[in-house]
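*Asks:* Here is my input, please return the structure:
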Amino acid sequence: MSKTLVIAEKPSVAQDIVRALTPVAGKFDKHDEYFENDKYVVTSAVGHLVEIHAPEQFDVKRGKWSFAHLPVIPPWFDLKPVDKTKTRLNAVVKLAKRKDVTDLVNACDAGREGELIFRLIEQFAFGSDGTNAAAGKKSAALKPVKRLWLQSMTPQAIREGFEKLRTDKQMEGLAHAARSRSEADWLVGINGTRAMTAFNSRDGGFFLTTVGRVQTPTLAIVVEREEQIRKFVSRDYWEIHGSFLADAGEYPGKWFDPNFRKDPEDPEKRADRLWNEKDAIAIANAVRGKAATVTEESKPSTQASPGLFDLTSLQREANGRFGYSAKTTLALAQSLYERHKALTYPRTDSRHLPSDYVKVVHETMDVLAGSGMPHLAPFARQAKDEGYVKPIKRVFDDSKVSDHFAIIPTLQAPSGLSDAEQKIYDLVVRRFLAVFFPSAEYLVTTRISQAVGHHFKTEGKVLVKPGWLAIYGKEAVDVDESTGKEGEKGQNLVPVKPGEMVRTEAVDAKGLKTRPPARYSEASLLGAMEGAGKFVEDDELREAMQEKGLGTPATRASIIEGLINEKYMLREGRELIPTAKAFQLMTLLRGLGVEELSKPELTGEWEYKLSQMEHGKLSRDQFMHEIADMTKRIVMKAKEYDRDTVPGDYATLKTPCPNCGGVVQETYRRYNCVGKNGQEPCGFSFTKIPAGRAFELDEVEAFLRDRRIGPLQGFRSKAGWPFTAELALNYNQEEENWKLEFDFGETKDPAETGEIVDLSTQEPLGPCPKCGHQVFEWGSNYVCERSVPTEKHPTPTCDFRSGKIILQQPVEREQMAKLLATGKTDLLDKFISMRTRRPFKAFLVWDAEASKVNFQFEERKSKFPPRKGAGAATKTTATSRAKAREPASEVKATAKAAKAVVAKKAAPAKKAAPAKKAAARKPAAGLKPSPELAAVVGSEPIARTEVIKRIWDYIKEKGLQDKKDKRSINADEKLRAVFGKPQVTMFELAGIVGKHLSSQ
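*Replies:* Residues are numbered from 1 along each chain as shown. The predicted structure follows:
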């Protein structure tokens, strides 16, 4: 019997389809990867299972960053499985090829991306030759396809969708547009990135310079704002604030000019600003103590609740309220959707619900009313009892629902949410409730007080009926949705009787300064990406971008994170700050004449043409031919640029040339001395991008001033390996000039040369875990005082040494002190694997058995219960996981290790020594604590490391770490008896404790 294979985009949608079809098609049997009955087999992808790539014969692996191999424009694209979803892909392909499956239904999301997901799976399953793949034609092996087009996921809507399946011919335009957008992004991204990288790496080294249709215009928005901030010149202005006395009391007022008109040439001019201190003081003196007439106007005002959340508005709200990044909010919403089943699909750009969803909303209100949420359940009951849920257009609108509808709570009440998940869930539930509640009602009063011809304005705002604001309580009054910040609080004005004259009391002229525009936060940048069409001048292109913006709600978070990971932006608090690398990219694109890569018009033009393609007005071949031509032009512009430098707005440094005292100026590639007082330049020069890392302006000033900087992260060797190093300006005797050089701390080891090291000026970090003597900083390492020659101990007898930087993770002094005191650092999160180049988290621990500092990974609870009978054999220790993730090598960031990173000569990992049997180990001898120490750690014999651990536990439990200086510990009554003073530093702790321990 023939069957139809239905392929949904997500497992949850497959389950919804099965539930909807069961009453009309019969019961389904559940299998691991699919559901099946006599008529249908229903399965799903998990997003994209397949991605495009250039065929081997049209792409190169070695030398791909060279202009010699650009542009790469393959005549067709091959497919490759997405690594993490290979198992799911194989299962779907196996079902598609079953002999009893005679036709397919594409039930992926209704939109361009859903169409592409299915088409690539279909092509991968049945194959087609390169020509057919390029043209979007099908081979004879393919099975007939129909399209399920859903905008609502109610059972009735799904059943109606199956009754009105669209033909494959009807979907051809959307399929062509989907493929074309994907391939065009690949062509521009790959060729643009390789061309800009090749250009920036011409002088040697490797300077990765990524570009993309969405990421580069997004970066341009941030850079343009930063340029405005840097060029901003603050101006002084004055405001006049007065206080007026009426019979009923005092009220404030601010001076304004009733005849003011906006100046399009100067947006900083406002009705309540004066630009001359003399005028401001004159007005204040003129009205002080004078009588004033009062006119007043009061009128009612209403404020409707904001609309339901789409992903971008949810990300902006969470960033404004809680400081969550867009990536974090998406992850939390995704967890609430997938794991807890508490929210609907979050990756949506719609803020409306389908018209047939009214019944579902009523059911959702019932669930919320009966939930255990005392702060929200009463409002759900009120919405039910008062009949607030109605089919209103601002909520239920099919024309505003695209691939997905707004984010709302589901019929499943969640439990076991984390604090962060609960915050996001509450945001969505509050917004869902609020959108059906009545508008808030205010009485807004505007009062004008006029004294000797000068006008002062006072505004009052009184909440008469809270409406939807009751759901939020007082905190939500005057919250600006676009920023997530509270605006000016309304005030209840003291009354003034008709015709009453008031007296002008205190009047002050306040001097203020204009402020530059604020830097972008993630909330405001997401808004700018969403509304990027407003930057486009062409009406047709602007309209094409009206619904899309830059990126999609699902990709905007990853675009921002990608720009941060590529070091184009820094996240400082809630601000996003572009780096020198970002400014250099914009300078390069302008100089090469390929600014379209940084303009939202490119996306607008693509959206316009893809929309035409969807409606059969533009052919796929024509669009791809235009993309190929644009790609060739971008590459040729970079390839043929023959000038010495790229024009741009370059800086003149404040620090003089170290060689001749002349002026040092920036060019595109270098910092050069241009001479002193008209004299010839001395030839001093150094690159702006040593080993692929661009100098920030403050860094280069410090580098010139101090002749040294670092250690700095983000360098890359010629082979592309990341490394960390210091930079030094060293004088070259032959060239009689200063040269930039890397310094890996490669000083000769005093233990070998016998050179005496002076550690007497330093404060020790703690006792050496090998010999018990003190550990100090020396060069790029932390060393035992007995491991280097000193005046007191000229012959080294210990070899303890640990790097200040380990796999690019700086080990701060406080962390090393903690390791020496307790045997373990905090969890550090910026290690970079030399094998995979991926970041990982780990503790640094003292491994007594191996006699070295080693990694320890945090324990992670499995998402799945243990298999029956697995027993202890299935358990893994943190150490075994460490071995699986990182080679078991000694953790030392010595000069040799740093050099090995740059030269890519990492030594092979040594075989781990076989574990000694536990029974063969001798128990550690315990030490007897003094009576004073016993009051804190107990009186039984105890090891030194356990003493320190218990003291730290006691310190944290009692909150004794100094709030201003975390290195200091404030003693309570018990610790004062141990310390002998009211406060000690963490570095003193081990030495003090040692005096309270004795052999038994």
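
*Asks:* For R394, what is the enclosing helix or strand?
*Replies:* Under DSSP states H and E, no helix or strand contains R394.

*Asks:* Count the residues that sit near it.
*Replies:* 13 (other Cβ atoms under 10 Å). Yep, even glycine has a C-beta here, placed from its N, CA and C like the rest.

*Asks:* What of S182?
*Replies:* Neighbour number of S182 under other Cβ under 10 Å is 19.

*Asks:* show me what contacts it?
*Replies:* Residues in contact with S182 (Cβ atoms under 8 Å, 6 or more residues apart in numbering) are 52, 116.

*Asks:* phi, psi of E640?
*Replies:* phi -100, psi 0 (degrees, to the nearest 10).

*Asks:* go on, A292?
*Replies:* phi -140, psi 140.

*Asks:* gap between the nearest residue to E814 once chain neighbours are set aside and V494?
*Replies:* In space, and not counting its chain neighbours, E814 is closest to R967: 6.4 Å by Cβ to Cβ, 6 or more residues apart in numbering. R967 is 53 Å from V494, where distance means Cβ to Cβ, to the nearest Å.

*Asks:* looking only at pLDDT, what's the mean for stretch 726-737?
*Replies:* Averaging pLDDT along stretch 726-737 gives 85.

*Asks:* do the same with stretch 421-432
*Replies:* 95.

*Asks:* just the CA coordinates of that stretch, formatted as CSV?
*Replies:* Taking Å, rounded to 0.1, in the frame of the first residue of the first chain, the C-alpha atoms of stretch 421-432 are listed here in CSV:
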residue,chain,number,x,y,z
GLU,A,421,13.8,31.1,32.2
GLN,A,422,11.2,32.3,34.7
LYS,A,423,12.0,35.9,33.9
ILE,A,424,11.5,35.4,30.2
TYR,A,425,8.3,33.3,30.7
ASP,A,426,6.9,36.1,32.9
LEU,A,427,7.7,38.7,30.3
VAL,A,428,5.7,36.7,27.6
VAL,A,429,2.8,35.9,29.9
ARG,A,430,2.5,39.5,31.1
ARG,A,431,2.5,40.8,27.5
PHE,A,432,0.0,38.1,26.5
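
*Asks:* Checking I17 next. Helix, strand or coil?
*Replies:* Three-state assignment for I17 (DSSP: H, G, I helix; E, B strand; the rest coil): helix.

*Asks:* That one contacts V42, correct?
*Replies:* Yes. With contact defined as Cβ atoms under 8 Å, I17 and V42 form a contacting pair (5.6 Å).

*Asks:* any weak-confidence spans in the stretch 1-150 of the chain?
*Replies:* Residue ranges of the stretch 1-150 of the chain with pLDDT under 70: 128-141.

*Asks:* Can you show me the strands along it?
*Replies:* 3-8, 29-30, 34-36, 40-44, 50-53, 78-81, 101-107, 145-147 (DSSP state E, counting those that start in this stretch).

*Asks:* which residues are in contact with stretch 976-995?
*Replies:* With Cβ under 8 Å, 6+ apart as the criterion, stretch 976-995 contacts 763-767, 814, 817-818, 820-821, 930, 932-933, 935-936, 944, 947-948, 951, 962, 967-971, 996.

*Asks:* How about stretch 78-87?
*Replies:* 45-56, 89, 120, 123-124.

*Asks:* in that stretch, what's buried?
*Replies:* Residues of stretch 78-87 classed as buried: 78, 81, 85 (neighbour count, 16 or more other Cβ atoms under 10 Å).

*Asks:* beta partners of the second one?
*Replies:* Put plainly, it is P81. With DSSP bridges applied, the residues forming beta bridges to P81 are V50.

*Asks:* Is I951 in contact with V936, as I believe?
*Replies:* Yes. Applying Cβ under 8 Å, one finds I951 in contact with V936, separated by 6.3 Å.

*Asks:* More neighbours: those two, which one.
*Replies:* I951 (23 against 20).

*Asks:* Output the contacting helices and strands for the helix or strand harbouring that one.
*Replies:* Here I951, judged by DSSP H and E, is contained in helix 944-958. With contacts taken as 3 or more Cβ pairs under 8 Å, 6 or more residues apart in numbering; DSSP states H and E, helix 944-958 sits against helix 813-822, strand 927-929, helix 931-937, helix 989-994.

*Asks:* State the mean pLDDT of stretch 673-689.
*Replies:* The average pLDDT within stretch 673-689 is 87.

*Asks:* got a list of contacts for that stretch?
*Replies:* Here stretch 673-689 has contacts from 200, 203, 205, 207, 580, 584, 656-666, 668-672, 694-695, 700, 729, 737-740, using Cβ under 8 Å, 6+ apart.

*Asks:* So which of these belong to strands?
*Replies:* 664-666, 670-672, 729, 737-740 (DSSP state E).

*Asks:* I figured T603 hits R213, correct?
*Replies:* Yes. In this structure, T603 is within contact of R213 by Cβ under 8 Å, at 6.1 Å.

*Asks:* returning to what we had before: so what's in contact with I17 and V42 at the same time?
*Replies:* What both I17 and V42 touch, as defined by Cβ under 8 Å, 6+ apart, is the set 6, 8.

*Asks:* ok, the spatially closest residue to Q215 that is not a sequence neighbour - contacts?
*Replies:* Excluding the flanking residues, the one nearest Q215 by Cβ to Cβ, 6+ apart is I559, at 5.3 Å. Neighbouring residues of I559 by Cβ under 8 Å, 6+ apart: 214-215, 218, 529, 550-551.
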